[in-house]
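Undergrad: Sequence and predicted model, in that order:
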Amino acid sequence: AFTGKKRVVKFAGHFHGWHEGLEVGVGDPYEAVAEAGQLQEVVDLVALCPPNDIEAVRAALAQGDVAAIILEPTGGHFGTVPVADGFLTQLREEATKSGAVLIFDEVVTGFRVAPGGAQDLYNVTPDLSTFAKILAGGLPGGAVAGRADIMSFLATKDTPEATRQTKMHHPGTFNANPLSAVAGVAMLSSLVDGKSIDFANAQAAKLRQGMNDTLAREGVAWKVYGQHSDWKVFYGADAPPRDGDDQDVSEVPWQRLDGKFPQQSRALRQTMILRGIDFNGARALVGTCHTDEVVEDTLSSFDEAVRAVKEEGLA
């Protein structure tokens, strides 16, 4: 509506919900092809770029028909493939030059990586941002925020005719839901000083270091990594971690980093469940509920689970 253009630049492996025009190239084989029930005509309006490839973005923008660039600002699948240093700044510059709208999907990163989201942490301001989930404290809620000239397309105009021509239709079952609004105010108020974020970051760092210590000790060629209050397991590492701080995955090809390892992840998850700890098999998020006692229990369970999986020949 704002740009009068149709195409969108998105990145392979980045997930933006069940929006038909963006559910493209999310998983292997990372191609812009229609899935069941998806219109190829819609998929054709997506310029799918490899992660961290600014030259591919420039090539897409050069055609002059791109309305927007959208990404998870810490990397696809909430940082499984981290965004390269300086890439957000490059995107900001290219979007400004081309007139494309830069959109940060902060559904995961908003209020987790910093009180002001990834844009606050990295000091890069997008034109639009999306927020959801924790925004309303677990109740139904989401938000779009951004530049006033873009957001004005949601506003009722001075005349019925102007409204009909330029106002975007904005229905919603939970629009102006008072309960969600009150929960959102309470949630954001609890995060504004950043102390909860700092605590969760510190607990996640303890988990990553302790898990890598186990992998190094057991000689298992996996790696636990992450940047904030999260941890991910890369099952395809070439060697065990050298020490608890060996979390660098910047040299790993993004397809490998984003790859699935169903046997190993299923085995590790099931083995940890038997010890009272659950996660999705590949990654987890850490919160203020994860006290030192929980961290110790998790590391103890991980230590036992790794040895058990190793005995099964899957590590």
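TA: Yes, it's here.

Undergrad: Regarding the residue most central in space within the chain, what is its secondary structure?
TA: Closest to where the C-alpha atoms of the chain average out (CA atoms, centre = their mean) is Phe78, at 2.5 Å. Three-state assignment for Phe78 (DSSP: H, G, I helix; E, B strand; the rest coil): helix.

Undergrad: Need the nearest residue in space to it, chain neighbours excluded.
TA: Leaving aside its chain neighbours, Phe78 sits nearest to Val108 (4.2 Å; criterion: CB to CB, 6 or more residues apart in numbering). All C-beta spots, glycine's among them, are computed from the backbone N, C-alpha and C.

Undergrad: Please list all residues in contact with that neighbour.
TA: For Val108, the contact set (CB atoms under 8 Å, 6 or more residues apart in numbering) comprises Glu72, Thr74, Phe78, Lys133.

Undergrad: Can you flag which of those belong to strands?
TA: If you go by DSSP state E, the contacts of Val108 have nothing in strands.

Undergrad: Which parts of this structure are strands?
TA: Using DSSP E, strands in the chain cover 7-11, 46-49, 66-71, 75, 81-82, 101-105, 128-132, 142-146, 223-225, 230-234, 283-285.

Undergrad: how about these in CSV, adding mean neighbour count?
TA: Listed next are the strands of the chain as CSV, based on neighbours: other CB atoms under 10 Å:
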stretch, mean neighbour count
strand 7-11, 25
strand 46-49, 21
strand 66-71, 22
strand 75, 25
strand 81-82, 24
strand 101-105, 25
strand 128-132, 20
strand 142-146, 15
strand 223-225, 25
strand 230-234, 23
strand 283-285, 19
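
Undergrad: among these, which is nearest Thr163?
TA: Of all these, strand 142-146 sits nearest to Thr163, with 19.3 Å by CB to CB.

Undergrad: and Lys157, what does it touch?
TA: Shown in contact with Lys157 (CB under 8 Å, 6+ apart): Thr163, Thr166, Lys167.

Undergrad: residues contacting the last one?
TA: Lys167 makes contact with Phe153, Leu154, Ala155, Thr156, Lys157 under the criterion CB under 8 Å, 6+ apart.

Undergrad: Share the number of residues neighbouring the fourth one, please.
TA: I take that to be Thr156. Here the number of neighbours of Thr156 (other CB atoms under 10 Å) works out to 10.

Undergrad: tell me the domain ranges of the protein?
TA: Following the assignment in the TED database, the chain carries domains at 7-190, 195-312.

Undergrad: Nearest approach to Ala1 belongs to which of those?
TA: Ala1 sits nearest to domain 7-190 of all the domains of the chain, at 4.9 Å, using CB to CB.

Undergrad: what mean pLDDT does that closest one have?
TA: The pLDDT scores in domain 7-190 average 94.

Undergrad: Next: stretch 272-291.
TA: Mean pLDDT, stretch 272-291: 96.
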